[in-house]
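> task: produce atomic coordinates for the following.
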Amino acid sequence: MSTAQWVFEPMREADLAAVLEIERLASPSPWTPGLFLHELQLEFSRIILARQGDGGAVLGFACWWEVAEEIHVLNVAVHPSKRRRGIGRALVRRMLAIGTAAGATLAGLEVRADNGAGIALYEGCGFARVGQRRDYYGPGQNAVLMDCRLPMDR
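Below is the predicted model:
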């Protein structure tokens, strides 16, 4: 699957069911419908989708905030049946490009310490580990803090 087959577009409320299905399959603590709907209402929040072609199935999504000169990554997920094809990397790179165009100079995130695939994805997109938050996701569930300086050669 190549990026030429993917279409990236902002999430709309009509996409909620598809996004929730991916979120439920991808996350041990999935977001609720209300959380996604709330993000759609915030002026500084962005959610983009990767679709299979124009109007096709939702393959994955990325949600982030653009605040001042910073991108704060909130959630990135790809349908489990579509992983390891570059969709996650394409979503993260698209998110960073959009943020850079809006004037961001730094991107930051928290990722579960036991999410090796997520950490590898972010490191492959230019993020570096800068710390950790103990018990961020609950008792004994630490987060790795990661940052990426922008703009950078993608």
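> can you give me the strands in the chain?
Taking DSSP state E, the strands of the chain run over residues 6-10, 45-52, 58-67, 70-78, 106-112, 128-133, 143-149.
> show residues contacting the longest helix seen in the chain.
Taking DSSP state H as the criterion, the chain has its longest helix at helix 87-101. Residues outside helix 87-101 that contact it (C-beta atoms under 8 Å, 6 or more residues apart in numbering) are 1, 3, 6, 8, 46, 48, 50, 59-62, 64, 66, 71, 73, 76, 78, 104, 107, 121-122, 124-126, 148, 150-152, 154. Placement of C-beta: from N, CA and C, glycine included.
> for it, which positions count as buried?
Using 16 or more other C-beta atoms under 10 Å as the test for burial, helix 87-101 gives 87-96, 98-100.
> ok, stretch 15-27 next?
Quick answer for stretch 15-27 (16+ other C-beta under 10 Å): 15, 18-20, 22-23, 26.
> lowest-confidence entry in those?
Ranked by pLDDT, the buried residues of stretch 15-27 bottom out at Ala26 (92).
> run through the bridge partners of the spatially most central residue of the chain.
Taking C-alpha atoms, centre = their mean, the centroid of the chain lies closest to Val76, which sits 2.6 Å from it. Beta-bridge pairing of Val76 under DSSP bridges involves Ala62.
> now do the contacts for it.
Counting by C-beta under 8 Å, 6+ apart, Val76 has contacts 60-63, 88, 91-92, 95, 118, 121.
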